[in-house]
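S.K.: Make a model of this:
(one chain, ligands or ions: 3)
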Amino acid sequence: MPGLVIVGAQWGDEGKGKIVDLLAAGATTIVRFQGGNNAGHTIVRDGEEFKFHLIPSGILYEDKTCVIGNGVVVDPRVLLGEIDGLRRAGVGVGNLRLSANAHLIMPYHVLLDTAGETKLGKLSIGTTRRGIGPCYADKALRLGIRVQDLLDEKILRTKIRAALEPKQQALRELSVLRRKRRKEAGEEAKPLPNGGEEPDPRLDLHGMVEEHISFGHRLEPHIADTAKLCWDALDNDETVIFEGAQATLLDLDHGTYPFVTSSNPIAGAATVGAGIGPTDIGEVWGVAKAYATRVGAGPFPTELHDEVGERMVDQGHEFGTTTGRRRRCGWMDLVALRYAVRLNRLDALAITKLDVLRGLGPLRVAVRYRSKEGAVLDSFPYHQSILHSATPEYEELPGFDEDIGDCRKPADLPQAARDFLAYVAEFAGVPVKLVGVGPARDQVVWMD
Ligand code: GDP
Ligand code: IMO
Ligand code: MG
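M.R.: Ligands and ions are numbered 1, 2, ... in the order given. This is a model prediction of the structure:
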């Protein structure tokens with residue numbers, strides 16, 4: 001198989017990192033194609049836990065090339081931190097390649113993300129505040145700083161100056177607004193020493209250029225023409241895995257806008273974000289939990305606010321890898337899953353965290369929604385007001401109480417677990433090929 005794309009089929013944190021690490025055994029190259037360090041991908045190997053935000057989940061193999069593609073937004077400080085962390089853990093990063101065309105998350109993007117969320121108040125998206133949205137916005141505005149700019153001080157200075165000016169203006173306005181709000185709330189506004197706005201040291205042009213030139217020196221050995229690298233591997237009939245971050249329902253175009261991320265995590269985006277053609281993709285796999293979670297705001301029809309939801313949080317350790325936020329939990333949503341199957345044209349599903357459903361029976365899966373007006377909705381509604389008020393209708397399936405952490409083949413699984421998987425596959429219209437029964441690398445069942 002040439003190109004294999006692996007994407008999240010729900011709202012993120014499905015266990016993509018673990019599945020990519022597992023399937024990477026049969027590949028030569030693993031490529032991240034979108035998102036940034038809003039992602040947090042966990043791999044548990046030999047009892048040791050690794051969390052990656054930018055580095056592809058194939059990095060633990062010494063002989064695989066790991067690529068950060070042009071579609072990724074890269075915070076160089078975070079990337080260097082990850083590289084240092086891996087080196088300390090004795091993992092080599094000599095095979096890590098970084099696209100010269102990838103855009104950089106600059107300090108002002110992070111400040112703008114937080115400021116934007118604060119300004120939205122109750123309407124906030126609940127972003128990871130890592131500067132993702134503002135960075136992609138600058139890319140579209142053609143005010144972005146790219147990895148290759150780190151290698152030329154003159155160009156870097158010119159570009160940062162051009163990009164910085166409108167940010168300073170926007171941040172100044174936001175800080176005035178914040179001071180006004182504080183005053184209205186009766187809080188004492190701190191007098192500023194210069195009588196006006198204190199310049200934020202993080203927005204100093206000179207300091208920013210100096211710092212980024214030094215990042216460039218450190219990253220230079222990794223910078224490459226990564227599209228060509230993918231073509232060479234594909235033309236050589238090697239398997240290349242394209243690792244999605246975030247997930248289908250967080251897609252900027254097809255997700256629950258505006259409660260989405262600022263990139264396209266669906267499979268089609270692998271072409272743009274890595275620089276390959278659609279026919280380079282041979283297979284697409286979706287990863288979904290046996291239940292559902294979401295971090296941040298936005299519609300989540302099957303969300304539970306009861307004891308079962310609490311148990312999902314506890315049993316599934318549902319706290320964000322990147323921000324530590326508690327994940328909202330609910331039953332598996334097959335209406336949304338079928339939407340993800342079609343949008344990504346999935347060939348197969350990997351169902352993770354089946355072990356977490358132990359003792360939560362009877363198990364429920366949403367098979368349709370009902371609108372506020374009582375209409376039956378068999379497919380995922382495109383209209384946001386309908387989705388916001390839609391209530392799920394469930395099919396109830398028998399649960400299981402056995403510990404399935406040691407199951408390694410379908411016959412080891414309790415009948416109820418097998419029936420659950422068969423129901424999901426039948427409804428989604430694609431086979432379930434892989435099932436996660438625990439966080440460790442070997443805690444999987446390959447289905448027949
Ligand atoms: P990603 O963002 O899709 O890579 O997923 P995260 O790493 O953010 O979150 C998934 C969490 O579930 C991680 O802590 C994984 O170690 C863990 N995990 C993955 N697969 C399984 C599984 O089958 N069972 C259990 N119990 N945990 C799993
Ligand atoms: P992985 O790759 C889960 C969510 C945020 C927020 C929305 C927008 O680990 O599955 P952003 O910072 O991207 O502007 O935030 O998207 N979000 C994720 N949720 N998993 C992720 O990544 C996410 N990346 C972003 O919580 O609701
Ligand atoms: Mg995650």
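S.K.: so who does the nearest residue to Glu117 once chain neighbours are set aside touch?
M.R.: Spatially, and ignoring its direct neighbours in sequence, Glu117 is nearest to Ser124 (4.5 Å; Cβ to Cβ, 6 or more residues apart in numbering). For glycine as for every other residue, the C-beta is placed from the backbone atoms N, C-alpha and C. The contact partners of Ser124, by Cβ atoms under 8 Å, 6 or more residues apart in numbering, come to 117-118, 297.
S.K.: Need these in TSV (columns: neighbour count, secondary structure and distance to ligand 1).
M.R.: Output for these, formatted as TSV (neighbours: other Cβ atoms under 10 Å; DSSP: H, G, I helix; E, B strand; the rest coil; distance: Cβ to the nearest ligand atom, whole Å):
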residue	neighbour count	secondary structure	distance to ligand 1
Glu117	17	helix	21
Thr118	14	helix	25
Ala297	17	coil	18
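S.K.: buried sites along stretch 390-401?
M.R.: 390, 392, 394, 397, 399-400 (16 or more other Cβ atoms under 10 Å).
S.K.: Return only those of these found close to ligand 2.
M.R.: Restricting the buried residues of stretch 390-401 to those touching ligand 2 (Cβ under 6 Å from any ligand atom) yields no residues.
S.K.: any idea which of those is the one closest to Arg146?
M.R.: Nearest to Arg146 among the buried residues of stretch 390-401 is Ala390, at 41.3 Å by Cβ to Cβ.
S.K.: Go ahead and confirm the closest one touches Gly374.
M.R.: No. Ala390 lies out of contact with Gly374 (Cβ atoms under 8 Å); the separation is 11.3 Å.
S.K.: how about Ala422, secondary structure?
M.R.: Under DSSP: H, G, I helix; E, B strand; the rest coil, Ala422 falls in the helix class.
S.K.: What segments of the stretch 1-150 of the chain are helices?
M.R.: 16-23, 76-88, 107-120, 132-141 (DSSP state H, counting those that start in this stretch).
S.K.: So what touches the third one?
M.R.: Spelled out, it's helix 107-120. Against helix 107-120 from outside (Cβ under 8 Å, 6+ apart): 75, 124-127, 129-135, 138, 163-164, 167-168, 170-171, 174-175, 177-178, 200, 202-203, 208.
S.K.: Quick one: buried ones out of the residues you listed?
M.R.: 75, 125, 127, 129-135, 138, 163-164, 167, 170-171, 174, 203, 208.
S.K.: Check which element follows the helix or strand bottoming out on mean pLDDT in the chain along the chain.
M.R.: Sorted by mean pLDDT, DSSP states H and E, the helices and strands of the chain end with helix 153-184, the least confident at a mean of 86. Next helix or strand after helix 153-184 toward the C-terminus (DSSP states H and E): helix 205-219.
S.K.: what's the following helix or strand after that next one?
M.R.: Toward the C-terminus from helix 205-219 - assigned by DSSP H and E - lies strand 223-224.
S.K.: Listing partners with orientation, what would you give for that following strand?
M.R.: The sheet places strand 223-224 alongside strand 96-99 (parallel), with pairing taken from DSSP bridges.
S.K.: The partner strand: how far from the chain's middle?
M.R.: 19 Å (Cα atoms, centre = their mean, to the nearest Å).
S.K.: do the same with stretch 171-188
M.R.: 33 Å.
S.K.: tally of neighbours for whatever residue of the chain ends up closest to ligand 1?
M.R.: Residue nearest to ligand 1 within the chain (Cβ to the nearest ligand atom): Gly436, separated by 2.2 Å. When neighbours are counted by other Cβ atoms under 10 Å, Gly436 registers 24.
S.K.: before we move on, what about Glu49?
M.R.: Glu49, neighbours per other Cβ under 10 Å, totals 11.
S.K.: that's a strand at Tyr394, yeah?
M.R.: Yes. Under three-state DSSP, Tyr394 falls within a strand.
S.K.: quick one: contacts for it?
M.R.: Counting by Cβ under 8 Å, 6+ apart, the residues that Tyr394 touches are 331, 364-367.
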